[in-house]
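Visitor: What follows is a predicted protein model with its sequence.
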Amino acid sequence: MEADHQHPAGEDKAPNYFISALKCKCPRCRRGDLFETNNTYALKNSKFMRMNEKCSVCGQPTELEVGFYYGTSYVAYALTVAFSVATFIAWKVFFGISFDINDNNIFWWFGVNAILLIIFQPYFMRVSRSFWLSFYVKYNKNWRLEKPEQYERLNKDFSNGW
């Protein structure tokens with residue numbers, strides 16, 4: 001059987017949900033980029049958070065309504081708590097933490113964890129948007145044939161206003 005030139009072999013398989021979300025890919029096709037730049041640390045002028053108006057691959061709008069991304073604070077909070085728990089467990093395994101009054105190892109963990117959270121915060125902010133959008137826009141295996149849903153509760157004046 002001859003492979004379709006528009007759809008290379010193996011491309012029909014749905015990309016992994018978590019990997020797509022962690023790479024900030026469109027939840028509908030899991031192939032297009034959500035953000036204008038792939039550089040998470042392009043912090044000048046807050047360009048690292050500027051999202052494409054729609055997916056360049058499937059045309060899925062990235063902003064579903066005004067204020068849609070306010071809920072991402074809950075996702076970012078969950079990510080930072082999970083990250084802190086993971087660093088605490090890793091610190092305990094590698095360096096040991098006792099809650100003895102003479103052991104200041106936990107304070108070292110607090111400091112290192114705080115620095116890591118500051119470093120990873122731009123990534124957590126982007127990934128939280130990716131996960132938040134994926135809660136509302138599901139993968140569509142027929143994304144090539146079906147047009148994305150168009151949303152009416154938008155105000156262009158507020159688009160990308162973060």
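Guide: Alright, I've got the coordinates. Numbering: from 1, shown residues only.
Visitor: hey, where'd the helices end up in the protein?
Guide: 17-22, 72-95, 105-136 (DSSP state H).
Visitor: what's the closest non-adjacent residue to the residue most central in space within the chain?
Guide: Residue closest to the average C-alpha location in the chain (C-alpha atoms, centre = their mean): residue 127, at 1.7 Å. Nearest residue to residue 127 in three dimensions, chain neighbours excluded: residue 22, at 6.1 Å (C-beta to C-beta, 6 or more residues apart in numbering). For the C-beta atoms, the positions are set from N, CA and C on the backbone; glycine is no exception.
Visitor: Quickly note the distance from the residue of the chain most remote from its centre to residue 113.
Guide: Distance from the centre of the chain peaks at residue 102, with 40.5 Å (C-alpha atoms, centre = their mean). Distance, residue 102 to residue 113, by C-beta to C-beta, to the nearest Å: 21 Å.
Visitor: Mean pLDDT added to the helices of the chain, as TSV?
Guide: What follows is these, written out as TSV (pLDDT from 0 to 100):
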stretch	mean pLDDT
helix 17-22	93
helix 72-95	93
helix 105-136	93
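Visitor: right, so of these, which gets closest to residue 148?
Guide: When the helices of the chain are compared by C-beta to C-beta, helix 105-136 sits nearest residue 148, at 12.1 Å.
Visitor: List the buried residues for that closest one?
Guide: Judged by neighbour count using 16 or more other C-beta atoms under 10 Å, the buried positions of helix 105-136 are 106, 109, 113, 122, 124-134.
Visitor: Extract the C-alpha trace of stretch 92-109 and format it as PDB.
Guide: Written as PDB, here are the backbone C-alpha positions of stretch 92-109 (Å, rounded to 0.1, in the frame of the first residue of the first chain):
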ATOM      1  CA  LYS A  92      15.900  13.400  51.300                       C
ATOM      2  CA  VAL A  93      17.100  10.400  49.300                       C
ATOM      3  CA  PHE A  94      20.500  12.000  48.300                       C
ATOM      4  CA  PHE A  95      21.300  14.300  51.300                       C
ATOM      5  CA  GLY A  96      19.000  13.100  54.100                       C
ATOM      6  CA  ILE A  97      16.700  15.400  56.000                       C
ATOM      7  CA  SER A  98      16.000  15.000  59.600                       C
ATOM      8  CA  PHE A  99      13.800  17.300  61.600                       C
ATOM      9  CA  ASP A 100      16.400  17.500  64.400                       C
ATOM     10  CA  ILE A 101      17.000  21.000  65.800                       C
ATOM     11  CA  ASN A 102      20.700  20.700  65.000                       C
ATOM     12  CA  ASP A 103      20.200  19.600  61.300                       C
ATOM     13  CA  ASN A 104      19.900  22.600  58.900                       C
ATOM     14  CA  ASN A 105      19.700  20.500  55.800                       C
ATOM     15  CA  ILE A 106      16.000  21.300  55.300                       C
ATOM     16  CA  PHE A 107      17.000  25.000  55.100                       C
ATOM     17  CA  TRP A 108      19.400  24.100  52.300                       C
ATOM     18  CA  TRP A 109      16.500  22.400  50.500                       C
END
